[in-house]
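*Asks:* show me how the following folds:
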Amino acid sequence: MTKALIVVTSTAQFAGRKQATGVWLSEATHFHAVMREHGIDVDYVSPEGGYVPLDPGSILPENLDDATWSFYSDDAYRQRYLANAMKPADVNVADYDLIYFAGGHGTMWDFPGNKALAAIAQQIYANGGLVTAVCHGVVGLLPLVNPDGTAFIKDRKLTGFTNEEEAINKLTDAVPFLAEDALRKAGSDYSKAAAYTEHVVADGRLITGQNPQSARGVALKAIAALAKK
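*Replies:* Residues are numbered from 1 along each chain as shown. Alright, predicted model coming up:
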């Protein structure tokens, strides 16, 4: 049975600021919804496991569309996925055909240096699976390496949250680095569209999306790629 692993942050606040953060909920739920629509089971994993913090902005009324609200208002969803994410050590890599790094500003602190999550993604890819990510979640790709030790994303076509979008958020100085800059520095073939418009890039079994508006598109491209396996 095909199964997907959604990676979410454990970080609940910006470093050095009295400002809450966490996963941007729609980036998890929009992807999850597409998996559900296609009969694909989903598990959530985070760097620390357990409780998953939510970015407060992601649950404001203007950001809670019907799809996201249907998940958030579901007791069973909150208890299984948001209260009890797996730890990396709990993951049996052989169970999963794809991994998806969801975004939210918290990822900027606990994804880039996480070797355990990187190892899971590398093994899923080595097993013929998909590696996917959206928005700030793309920084989870930074620690991945190829078997020869080179950066996994070097020369690969991808996208992720833009410097312009971070400036619109007025959080350029609040994050430890900028996702776009880091992806470019790692040697990726980075592309972007207008701020906060859907932009999804597929490079073989690597699929990435620019922003929250791209989460469903990443999932649909993942479904199409799985169908070709």
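*Asks:* strands of this protein, start to end?
*Replies:* 3-7, 41-45, 98-101, 130-134, 157-158, 189-190, 200-203, 206-209 (DSSP state E).
*Asks:* mind listing what's buried along stretch 125-133?
*Replies:* Residues 125, 129, 130, 131, 132, 133 are the ones in stretch 125-133 that count as buried (16 or more other Cβ atoms under 10 Å). C-beta here means a position set from N, CA and C on the backbone, and glycine is covered the same way.
*Asks:* what would the strands of the chain look like in CSV with distance to residue 27?
*Replies:* Shown next, in CSV, are the strands of the chain (distance: least, Cβ to Cβ, whole Å):
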stretch, distance to residue 27
strand 3-7, 9
strand 41-45, 12
strand 98-101, 9
strand 130-134, 5
strand 157-158, 16
strand 189-190, 19
strand 200-203, 13
strand 206-209, 8
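*Asks:* okay, the ones you listed in TSV with mean pLDDT and distance to residue 75 next?
*Replies:* TSV is the format used below for the strands of the chain (pLDDT from 0 to 100; distance: least, Cβ to Cβ, whole Å):
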stretch	mean pLDDT	distance to residue 75
strand 3-7	98	19
strand 41-45	98	16
strand 98-101	98	24
strand 130-134	98	26
strand 157-158	98	36
strand 189-190	98	40
strand 200-203	98	32
strand 206-209	98	29
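*Asks:* out of those strands, which gets nearest to residue 70?
*Replies:* The closest of these to residue 70 is strand 41-45. By Cβ to Cβ, the value is 14.6 Å.
*Asks:* in that closest one, what counts as buried?
*Replies:* 42, 43, 44, 45.
*Asks:* which one of the residues you listed is nearest residue 204?
*Replies:* Distances from residue 204 to the buried residues of strand 41-45, taken by Cβ to Cβ, are shortest for residue 42, at 22.5 Å.
*Asks:* residues contacting residue 91?
*Replies:* Contacts for residue 91 (Cβ atoms under 8 Å, 6 or more residues apart in numbering) come out as 5, 43, 45, 120.
*Asks:* wait, what's in contact with the residue lying closest to the third one once chain neighbours are set aside?
*Replies:* Excluding its sequence neighbours, the residue lying closest to residue 45 (Cβ to Cβ, 6 or more residues apart in numbering) is residue 86, at 4.4 Å. With contact set as Cβ under 8 Å, 6+ apart, residue 86 has these partners: 43, 44, 45, 46, 49.
*Asks:* turn these into a markdown table, including distance to residue 176.
*Replies:* Formatted as a markdown table, those follow (distance: Cβ to Cβ, whole Å):
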| residue | distance to residue 176 |
| --- | --- |
| 43 | 28 |
| 44 | 24 |
| 45 | 22 |
| 46 | 18 |
| 49 | 23 |
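*Asks:* can you tell me which of those is nearest residue 20?
*Replies:* Set against residue 20, the nearest of the contacts of residue 86 by Cβ to Cβ is residue 46 (16.1 Å).
*Asks:* local confidence estimate at the closest one?
*Replies:* Note for residue 46: predicted pLDDT of 98.
*Asks:* can you list the buried residues of strand 41-45 in JSON lines and add distance to residue 167?
*Replies:* Formatted as JSON lines, the buried residues of strand 41-45 follow (distance: Cβ to Cβ, whole Å):
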{"residue": "42", "distance to residue 167": "33"}
{"residue": "43", "distance to residue 167": "35"}
{"residue": "44", "distance to residue 167": "30"}
{"residue": "45", "distance to residue 167": "31"}
